[in-house]
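S.K.: I'd like to go over a predicted model; first the sequence, then the structure.
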Amino acid sequence: MNLSIPKSSDLPLLPHPIWFSPETGIYSSKHPPRPLPQNPDQDVVSFLFAKPHQGETALVHSQSGLSISYPELRSMVECMAAGLHRLGISPGQLVLILLPNSVLFPVIVLGVLSAGAAITTMNPLSSSQEIKKQMGTLDLTLVFTSSGKFGTLDELGVPLVAVPENHFYDPLQYPFFHRLLSCNPLLSRRHTIQQSDTAAILFTSGTSGSSKGVVLTHGNFIAMIELFVRFEASQYEKQSWEDVYLAAIPMFHVYGLSLFVLGLLSLGSTVVVMTRFEVLEAVRAIESFGVSHLPVVPPIMAALVRAKDDTGCELRSLKQVSCGAAPLRQKLIQDFLLRFKHVDLIQGYGMTESTAVGTRGFNTKSCKKYTSSGLLAPNMEAKVVDQQIGNCLPPGKIGELWLKGSAIMKGYLNDEMETASIIDKNGWLKTGDVGYFDHDGYLFIVDRLKDVIKYKGFQVAPADLEAILTSHTEIIDAAVTSALDEVAGEIPIAFVVRKHDSNVSETDIMKYIANRVAPYKKVRKVIFVQSIPRNPAGKIMRRALKNSNGVSRM
């Protein structure tokens, strides 16, 4: 089984394919274009529910088995929207959702969007300092969270709604939430929502390593549903409402949000929701509910490989595993395919800035490219740009990937300069990722320009950790980069310049960081250095720092 990524120099010289224009340097999708709604007054929730299907069960709580049917889901969303409207939530306002996965997560998101307001999300494991820093720049109107987070969120100064774990709850324990979900939608006036209206502000480390708010519109999410989720379902000879998905990745992330909260619910598929990933519970859920599709990040794939070795689990119902959000090692691909020969393994590529739309794998009997990120989605265009010269490159040549299409973000929140630096005047998104298209149109990502660290699929901004490190009274300078790790994919490594008389230790610094960030952002190793290398503009030379200290794998 040859899983190696072909080098550009290994590819034969062939005539340019019809999906690449040597005149413009533009790659077009090999898939036929798909129509998108032209009505400007089209919101994503109406679009999601408009297409008929035969799906019965929408959402299932993996541990209890309690479920929400599709008629119940739509009714709950309409009631939630009415409750929010009655509370005074209106277009232009912003609602924070700080929750782990739950069957009520989609109800809340769709209710907020249907009311015309926008959502923003954060990891529920975020520290109070992180929440205050990120949300301090936003004008929040309401927060949905677990009751255990109330003390952490008091400083935000906005109303808090405690959310139960599932829809069978004691109204006396959750009175605010119950009032919202008990409103009569017939008594509420529905606002006109346009495709250009903001639907979400999702924070990402972007291409420069500092956290930014990505503004996504209703039109962006509509494009995501049609070009990513509905299109993929159309590629297979089966009815999408017969599929059962396991939601093991977080819904607050663009990957989980796009699939489990929006896209799959437009198809009638069943989504089995795990509150948090635990491999033996995932194996049980797959076998108990007949899960056929499992979107994952690399650490979940690695956990399934170990579970196979430890328990002998077969996962016979599983038909497809799709991996995204972080690079996938060739050895892990091979280990997975050897243990689960019946499973169709694909990869995909997308960004928060592209509403998770980009490329998607598609295997046939004659073509299986497991190390590729797949083919361009319908309606999407791409360029591969030489970073030194700036010219566009043909198939087989490596450069920075640029994307263009209706799923590309509106821009970064309150940052026109940063938006202009990543989206040019013609609408091309500079992804910061380095790769090439082969002569079959498959994308291979081989490196990235951006500094962001991918720890178990979560983004860690080096600049955020560096700011905390340099706030320590005994640290003069610091830089954060990554090292490869078999389990996590990448781990944050800190290079620290101490004061000359300081005795601060590696353990002291790791604890200092751990007390101020979410668990996935913790520094896993500290290396003391004499200085931090920088270029003339003052930018940290991270690659030189890693090379000079022999950092590659930990």
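M.R.: Nice, thanks for sending it over.
S.K.: what secondary structure does Arg543 sit in?
M.R.: helix (DSSP: H, G, I helix; E, B strand; the rest coil).
S.K.: Spit out the contact partners of it.
M.R.: With contacts defined as CB atoms under 8 Å, 6 or more residues apart in numbering, Arg543 has no neighbours. C-beta here means a position set from N, CA and C on the backbone, and glycine is covered the same way.
S.K.: low pLDDT regions in the stretch 251-400 of the chain?
M.R.: By pLDDT under 70, the stretch 251-400 of the chain has no low-scoring segment.
S.K.: Okay, helices next: where are they in it?
M.R.: Here the stretch 251-400 of the chain has its helices, by DSSP state H, counting those that start in this stretch, at 254-256, 279-289, 298-311, 330-339.
S.K.: residues making contact with the shortest one?
M.R.: So that's helix 254-256. 101, 202, 204, 247, 249-250, 295, 297, 324-325, 350-352, 355-356, 457.
S.K.: Neighbours of Pro52, how many?
M.R.: By other CB atoms under 10 Å, the residues close to Pro52 number 7.
S.K.: Among the helices of the stretch 251-400 of the chain, which comes closest to Asp170?
M.R.: helix 279-289 (25.1 Å; CB to CB).
S.K.: Now do the buried residues in the closest one.
M.R.: Val279, Ala282, Val283, Ala285, Ile286, Phe289 (16 or more other CB atoms under 10 Å).
S.K.: The longest helix seen in the chain packs against which elements?
M.R.: Longest helix in the chain by number of residues (criterion: DSSP state H): helix 70-87. When contacts are defined as 3 or more CB pairs under 8 Å, 6 or more residues apart in numbering; DSSP states H and E, helix 70-87 sits against helix 44-50, strand 57-61, helix 105-114, helix 175-181.
S.K.: Let's have these in TSV, adding mean pLDDT.
M.R.: As requested, these are exported to TSV (pLDDT from 0 to 100):
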stretch	mean pLDDT
helix 44-50	96
strand 57-61	97
helix 105-114	98
helix 175-181	95
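S.K.: out of the ones you listed, nearest to Glu242?
M.R.: Using CB to CB, the helices and strands packed on helix 70-87 put strand 57-61 closest to Glu242, at 11.3 Å.
S.K.: so how far is that closest one off the chain centroid?
M.R.: 22 Å (CA atoms, centre = their mean, to the nearest Å).
S.K.: again, but for stretch 437-446
M.R.: 22 Å.
S.K.: ditto for stretch 53-60
M.R.: Relative to its chain's centre, stretch 53-60 lies at 24 Å (CA atoms, centre = their mean).
S.K.: Buried by neighbour count: which residues of that stretch qualify?
M.R.: Applying 16+ other CB under 10 Å to stretch 53-60 flags Gly55, Thr57, Ala58, Leu59, Val60 as buried.
S.K.: do stretch 318-338 as well
M.R.: In stretch 318-338, the ones that count as buried by 16+ other CB under 10 Å are 318-329, 332-337.
S.K.: And stretch 395-415, by the same measure?
M.R.: So, applying 16+ other CB under 10 Å, buried residues of stretch 395-415: 395-396, 398-413, 415.
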